[in-house]
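[1] missing the sequence, but the structure's below:
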């Protein structure tokens, strides 16, 4: 599903990309093979929201991505 989200983003279909990445986030799929770290999903969704002008959502996702990245780095 991450690849489909990436393809939708590249095609400019930001709402579809957000839907696909949200499904992965809600399923707790971050870190699973083929998905990558959860902070990447939040970062990707942040950029899609920014491009749609959803700045509050973009900011929230960007902050969550940074928090998850800091946690991952601290655990390493």
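    Structure's in. What do you need? From a predicted model like this one, the values you see are computed outputs, not experimental measurements.
[2] Next, work out how far apart residue 32 and residue 2 are.
    Distance, residue 32 to residue 2, using CB to CB, to the nearest Å: 9 Å. (Each C-beta comes from the backbone N, C-alpha and C, glycine too.)
[3] Looking at the two, which is more packed in?
    The neighbour count for residue 32 versus residue 2, taken as other CB atoms under 10 Å, is higher for residue 2 (19 against 13).
[4] which residues touch that one?
    20-21, 24, 29, 34-36, 41 (CB atoms under 8 Å, 6 or more residues apart in numbering).
[5] try it again with 7 Å
    24, 34-36 (CB atoms under 7 Å, 6 or more residues apart in numbering).
[6] Next one: it from residue 71, what distance?
    For residue 2, the distance to residue 71 - CB to CB - is 20 Å.
[7] Next: residue 65.
    11 Å.
[8] out of those two, which sits in the busier spot?
    Legend: neighbour count by other CB under 10 Å for residue 65 and residue 71, higher for residue 65 (21 against 12).
[9] List the buried residues of the helix or strand in which that one is found.
    When secondary structure is defined by DSSP states H and E, residue 65 falls within helix 55-75. Buried residues in helix 55-75, counted by 16 or more other CB atoms under 10 Å: 57-58, 61-62, 64-65, 68-69.
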